[in-house]
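**Student:** Give me a model of this one.
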Amino acid sequence: MSFGRAIGAALAIVCCLTGCDSTPPTPAEKKRQEQFNVDADAAVTAQGFVKQYLQYPHDASFPWTPATVTRNDEGNIYSVFSTVAAKNTFGAELTHEWGVVMLRTEDQQWELLSCAIGDETVYRSAKLDELLAERREAAAEQAQLEQIGAANPPEPEPVIKVHPRPKPPPEPESETKPIAEVQPPPKPLPKPEPEWRTWTSADGQYTVEAEFVSFAMGDVKLRKKDGKTVTLKMKKLSEADQEWIRKKGRRY
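**Tutor:** Sure thing, here's the model as predicted:
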């Protein structure tokens, strides 16, 4: 009996013993039931993939205990682990551990990514390598954002104390008045302060106080208050920051 039929029989026995409740399930119960059905379908499908790589698939038998089914956070990559008793090339029946990784497509179909029986990987698709490369790239970008936003509390604004200039001593009175008073030279204009602003990541989890330096080829360069510069993709910034850069019009 296949794993799917065994699950169906177990559910029928439970229904007979406890009685079929006509109360409609809650949304949480409905979601758990739907996930249970998907996991059961994943286990049965994985058994079918394993049979494709056995010497004698028709004589293979799978245990009654349910297979171990795990999934990623997005719910589209499933890993199934269990055992199978099957004959080898010499006709001897052996029990092997196996593991299958599958992709659940948007049309709710299963695509085999990898299959391992015993110590041998009997199948590995190029799609799996692409997914792993994308995951590594996303993890690297996430680490870069965490490096920008971690341990960067806003620094207090410096307090500038203005002391009044001392008054010059009174000049002695003179019988003759000067023709014209000598005016002091104008004060030099203060150096413009850096334009500090708070930059936010696209997901809103990280912020950093930094000055805009340049934008080129999709890369934004920022200078933090400690003088260090950071370069990251413009798409990793929030929509408000991206719009600010476009209005700034600084292209290098």
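
**Student:** Now do the helices in the chain.
**Tutor:** Assigned by DSSP state H, the helices in the chain fall at 3-18, 27-51, 126-149, 239-248.

**Student:** Tell me which of the ones you listed sits nearest to residue 185.
**Tutor:** helix 239-248 (35.6 Å; Cβ to Cβ). To be clear about C-beta, it is placed using only N, CA and C from the backbone, and glycine gets the same treatment.

**Student:** Off-centre distance for stretch 197-217?
**Tutor:** Put simply, stretch 197-217 sits 18 Å off its chain's centre (Cα atoms, centre = their mean, to the nearest Å).

**Student:** where are the low-confidence patches of the stretch 151-252 of the chain?
**Tutor:** 151-163, 172-183, 188-192, 249-252 (pLDDT under 70).

**Student:** let's go with 80 and repeat that
**Tutor:** Along the stretch 151-252 of the chain, segments meeting pLDDT under 80 span 151-194, 248-252.

**Student:** picking that back up, lowest-confidence stretch among the helices of the chain?
**Tutor:** Among the helices of the chain, helix 3-18 carries the lowest mean pLDDT, a mean of 49.

**Student:** And residue 112, how far from residue 52?
**Tutor:** Here residue 112 is placed at a distance of 9 Å from residue 52 (Cβ to Cβ, to the nearest Å).

**Student:** Oh, that last question was meant for residue 194, not what I typed.
**Tutor:** Per Cβ to Cβ, residue 194 is found 64 Å from residue 52.

**Student:** Is residue 195 in contact with residue 212, as I believe?
**Tutor:** Yes: using Cβ atoms under 8 Å, residue 195 makes contact with residue 212 at a distance of 6.8 Å.

**Student:** The two: which has the busier surroundings?
**Tutor:** Taking neighbours as other Cβ atoms under 10 Å, residue 195 and residue 212 compare with residue 212 leading, 19 against 9.

**Student:** Surely the more buried one and residue 197 touch.
**Tutor:** Yes: if you go by Cβ under 8 Å, residue 212 and residue 197 touch, sitting 7.4 Å apart.

**Student:** Please name the nearest non-neighbouring residue to residue 238.
**Tutor:** Nearest residue to residue 238, sequence neighbours excluded (Cβ to Cβ, 6 or more residues apart in numbering): residue 200, at 4.3 Å.

**Student:** what's near enough to touch that neighbour?
**Tutor:** Contacts for residue 200 (Cβ atoms under 8 Å, 6 or more residues apart in numbering) come out as 206-207, 237-238, 240-241.

**Student:** if you set the cut-off to 10 Å instead, what comes out?
**Tutor:** Contact analysis of residue 200 by Cβ atoms under 10 Å, 6 or more residues apart in numbering lists 149, 206-208, 237-241.

**Student:** re earlier: now list whatever residues contact both of residue 212 and residue 197.
**Tutor:** 222, 241, 244.

**Student:** mind checking how far the nearest residue to the last one once chain neighbours are set aside is from residue 239?
**Tutor:** It refers to residue 244. In space, residue 244 comes closest to residue 197 once its chain neighbours are excluded; the distance is 7.6 Å by Cβ to Cβ, 6+ apart. Here residue 197 is placed at a distance of 15 Å from residue 239 (Cβ to Cβ).

**Student:** if you count what's nearby, which of the two comes out ahead?
**Tutor:** Per other Cβ under 10 Å, whichever of residue 197 and residue 239 has more neighbours is residue 197, with 14 against 9.

**Student:** how close does the more buried one sit to residue 143?
**Tutor:** From residue 197 to residue 143 the distance is 24 Å (Cβ to Cβ).

**Student:** Next: residue 229.
**Tutor:** From residue 229 to residue 143 the distance is 18 Å (Cβ to Cβ).

**Student:** need the contact list for residue 31.
**Tutor:** Applying Cβ under 10 Å, 6+ apart, the residues near residue 31 are residue 25.
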